[in-house]
Structure formats: C-alpha cells, structure tokens
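**Q** model this:
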Amino acid sequence: MLETLGKTISRLLGVDGTIIRIPWAKVLIIITPVAALVGGIGGAVVSRYELTGSISAPMTGASAPSNPRIGPSTTPSAAPSGAKEEASRAQTEPFAVSLAGKIAWPITLLLAVILLIFSRSLRKLFGASSQLVKTIKAGGIEMELDPEKFEQVRDHLRSSFRELIADARDEYERMADLQDVDERLATVFSKSIVTKLRIGSVPSDLRATVHVRDVIIREFLYQLVDYVPKGSGAHRRFSQRYGIIGRTWRSGESHGTGNAFGGSASEEALVEQWGMTKREAHGMLNSKHSCLSILLRSGSAVSGVLYVDTNEKNAFGDDAQAKALATSLETDALVVELATAVERTMAPLRASAPNLDIKDFA
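**A** Predicted coordinates:
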C-alpha cells in the first residue's frame, strides 16, 4: 500500500520510474504533536464557548415545559451542579490559562520532536536521522543515498588518514634516527658543501636538508629531517612538480642555480617555469637565490635529493657552475655515505607503507 502511494506521488510529481520512499514513521512523529496542538487549541475554544452557552438559557428565568396533568411548573429547572461548577470556573478562569492547560502537553511533545530533529547527538542516541534518504533507481539497480552517512564516512576517512600520517611520521623519525641521517647530513654540510662555496664567507642562512619520495602518497616528496645547521621544516610534503627538487627527481639529474629567480619577472613565471602553484609562488621572487639539488644515489638506486640553498646570489657560481658542482657532488664520498643511510632508512618504509598512487583513484 505504501509503495503504491509512493508510485502515485511519483507520477504526480512527474518522476517516472522512481519510487519515492516516504519515511512514514518520521512523518507520524512530526504530525502527531502538531495535530494535538491544533486539537488542543480548538478544544479549548469550543469548550470555552460551550460552557458559557450551556448556562445562559437556565439563567434567563425561562421555565421548564408544563405537564398537562400537573399544570404549569412553579419552580424553574435547576442546572446540574457539575454544569454550574464548570460554568463558574469558565467565568472566573482567564481564557489564556485555560488555553495553556489544553495545549501544554502538545507543545512539550512538539519541542521534544524539534530537539530530536536538530540535535545530531540525540539522533544518534535514538538511531534516528533528520536527513531524508534519497533513492536512485536506474537499470534495475536501486541505491539509497544518506547524506549523514556520507558525512560519517568522510569523518572516519579523515580520522584514519590523520592517524596514518601520524604513524608514518613516527616511523620516518625512528628509521632516520637509526641511520643517523641528521648527523651524516651535518658532516656533508660542513665538509663537502661549505668548502665548495665561491664567496668569501659562509652565508648565515646557508642550510641543507634531505627529501625522499613519500611512502604515503607516491606523487609527493617528503622532507626527511630538519635543516642543518639550524632550522626546522621536517615532515613537509611537496609535489614532485615543485621547484628544483621536483625537477631533479623527475629528470634523474642534479641541478643548481646561482640566481634561481633572476629570469623570472613575475610569480606567473614561477608557475610556468618552476612547477609552482600560485600559492607556492607568492613571495618567492625575493627568497632563496642560490640552490643545489643533488641526486642521492646508493648504487643503482636513487634514494633521495640533497637540497642546499641561501639568499646569497651566485654562492656556488652562476647557473652553469652551480649545476656542475651539484653533479660532481653526487660521487663525493660523504654524500654517497649519506645516500646509503637514506636508502637504508627508506627501504623498510617503502615495503610496509601504503604507497598511494593518486592516479589509481582517478
């Protein structure tokens, strides 16, 4: 019967072939207190005027009908005592008070239903939902789409992904500590990088770090350790299309520059030439000028990218000289040791991590 009614409503709405499922339990829950409220108000009004009208005739002095055998009655008919009490109360009790007494419980019930509808915690407690289930039916397949369920799934996925990221961060740190990656990086910095500078003094902002392919999202690079000799930055993720580190990773070649953005007249040029988004390019024109992006090779394996930068222009020579220096550092003994330590860090992580590929979800 309910399905027939749903089909009828569907035809009236012009939705052919789709059954509109009406949540009758929810409809009744809402309609019941509303009907009670309307009935209470109507009952209070009717009761008020019936009681006042019922005593008006006896009180006018009209006598009861005469009995032909006994003769005319000499005593007027007395109203029943109950009617007198009701009439007296109706005359003395304010109408608002009477009305409030009649509609108090319907209003309370209606408020409870409204609270249940708009309170998510109460809906979950009673297993109810204010969201109507949408039904899609096509090709003999029927799907019910519940927006609240979507929200619950989304929250669950976000929570699970945050937990995955936190667990991966702990494992990155643990494995990097086991292989002394930060100490080996500090050694490379002081003995292999600083000694190659082409300027008279060491820039105060000269720094270095290591990026590896992220084991959570394959299309991203992950900053494995903080900058040395000082700074933070570990655990950040960059697209493999980002800047000079992305260019090095994608091309499989080391790169360097003496004035990274000297030929870029605008942030739009950074987007086109360096693979940055507009947000990433914002404010970059006045940032790091001299950069080295050195591919870390451990045997035939590429384990990561050693990145060095400073605000000083041409700290490693011009673009051609900086690129040549970056390439030569690939085979530096200390750099190779760092590359081996990074590979030992990443091997177990790559074997156990999800390695999500965004293209798999396209």
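
**Q** now do the strands in the protein.
**A** Using DSSP state E, the strands found in the chain span residues 134-138, 141-145, 207-213, 220-223, 237-239, 255-257, 290-298, 301-310.

**Q** tell me which of the ones you listed approaches E280 most closely.
**A** E280 sits nearest to strand 237-239 of all the strands of the chain, at 8.7 Å, using Cβ to Cβ. Any C-beta I mention is one placed from the backbone N, CA and C, and that applies to glycine too.

**Q** the closest one pairs with which strands?
**A** Next to strand 237-239 in the sheet, as set by DSSP bridges, lie strand 220-223 (antiparallel).

**Q** before we move on, the earlier item: could the strands of the chain go into a markdown table alongside mean pLDDT and mean neighbour count?
**A** Formatted as a markdown table, the strands of the chain follow (pLDDT from 0 to 100; neighbours: other Cβ atoms under 10 Å):
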| stretch | mean pLDDT | mean neighbour count |
| --- | --- | --- |
| strand 134-138 | 56 | 11 |
| strand 141-145 | 58 | 10 |
| strand 207-213 | 97 | 24 |
| strand 220-223 | 96 | 22 |
| strand 237-239 | 92 | 17 |
| strand 255-257 | 93 | 25 |
| strand 290-298 | 95 | 24 |
| strand 301-310 | 95 | 23 |
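
**Q** give me the pLDDT for the closest residue to I217 other than its chain neighbours.
**A** Distance criterion Cβ to Cβ, 6 or more residues apart in numbering; nearest residue to I217, sequence neighbours excluded, is L356 at 5.3 Å. Note on L356: pLDDT of 71.

**Q** stretch 240-254: end-to-end distance?
**A** For stretch 240-254, the first-to-last residue distance is 14 Å (Cα to Cα, to the nearest Å).

**Q** how about that stretch: buried residues?
**A** 240-249, 254 (16 or more other Cβ atoms under 10 Å).

**Q** could the residues you listed go into TSV alongside distance to A269 and pLDDT?
**A** TSV is the format used below for the buried residues of stretch 240-254 (distance: Cβ to Cβ, whole Å; pLDDT from 0 to 100):
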residue	distance to A269	pLDDT
Q240	20	91
R241	16	87
Y242	15	85
G243	13	85
I244	15	90
I245	19	94
G246	16	93
R247	15	92
T248	20	95
W249	22	95
S254	23	97
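
**Q** care to break this protein down by domain?
**A** As given by automatic domain parsing, the domain ranges for the chain are 2-64+76-145, 169-361.

**Q** can you tell me which of the ones you listed the model trusts least?
**A** When these are compared by mean pLDDT, domain 2-64+76-145 comes last with a mean of 56.

**Q** thinking again about what came up before, got the strands of the chain as CSV, with distance to Q152 columns?
**A** As requested, the strands of the chain are exported to CSV (distance: least, Cβ to Cβ, whole Å):
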stretch, distance to Q152
strand 134-138, 16
strand 141-145, 13
strand 207-213, 33
strand 220-223, 28
strand 237-239, 27
strand 255-257, 47
strand 290-298, 43
strand 301-310, 39
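
**Q** out of the ones you listed, nearest to A347?
**A** Closest approach to A347 among the strands of the chain (Cβ to Cβ): strand 301-310, 8.8 Å.

**Q** export that closest one as CSV, just CAs?
**A** These are the backbone C-alpha positions of strand 301-310, laid out as CSV (Å, rounded to 0.1, in the frame of the first residue of the first chain):
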residue,chain,number,x,y,z
ALA,A,301,69.1,3.1,-6.5
VAL,A,302,68.0,6.8,-6.2
SER,A,303,67.3,7.3,-2.5
GLY,A,304,66.5,11.0,-2.3
VAL,A,305,67.6,14.6,-3.0
LEU,A,306,70.1,16.6,-1.0
TYR,A,307,68.9,20.2,-1.1
VAL,A,308,71.1,23.3,-0.3
ASP,A,309,70.1,27.0,-0.5
THR,A,310,71.0,30.5,0.5
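
**Q** how many other residues sit next to the closest residue to D332 other than its chain neighbours?
**A** Excluding the flanking residues, the one nearest D332 by Cβ to Cβ, 6+ apart is S192, at 5.1 Å. When counting by other Cβ atoms under 10 Å, one arrives at 19 neighbours for S192.

**Q** and L157, by the same measure?
**A** 10.

**Q** what do you get for R162?
**A** The burial count for R162: 10, using other Cβ under 10 Å.

**Q** how long is stretch 248-256 from one end to the other?
**A** This stretch, stretch 248-256, spans 10 Å end to end (Cα to Cα).

**Q** ok, the closest residue to E253 other than its chain neighbours - contacts?
**A** Nearest in space to E253, with sequence neighbours left out and distances taken as Cβ to Cβ, 6+ apart, is L295 at 6.7 Å. Contacts for L295 (Cβ atoms under 8 Å, 6 or more residues apart in numbering) come out as 248-249, 252-254, 302, 305-306, 330.

**Q** restricting to C-alpha, output stretch 337-353 in CSV.
**A** Output in CSV follows, covering the C-alpha atoms of stretch 337-353 (Å, rounded to 0.1, in the frame of the first residue of the first chain):
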residue,chain,number,x,y,z
GLU,A,337,77.5,7.6,2.6
LEU,A,338,74.5,9.9,3.2
ALA,A,339,72.7,8.4,0.2
THR,A,340,73.3,4.9,1.6
ALA,A,341,72.0,5.8,5.0
VAL,A,342,68.9,7.4,3.4
GLU,A,343,68.3,4.2,1.3
ARG,A,344,68.6,2.0,4.5
THR,A,345,66.1,4.4,6.1
MET,A,346,63.6,4.2,3.3
ALA,A,347,63.8,0.5,2.2
PRO,A,348,61.7,-0.9,5.1
LEU,A,349,59.3,2.0,4.9
ARG,A,350,58.6,1.5,1.2
ALA,A,351,58.0,-2.2,1.9
SER,A,352,55.3,-1.6,4.6
ALA,A,353,53.7,1.7,3.7
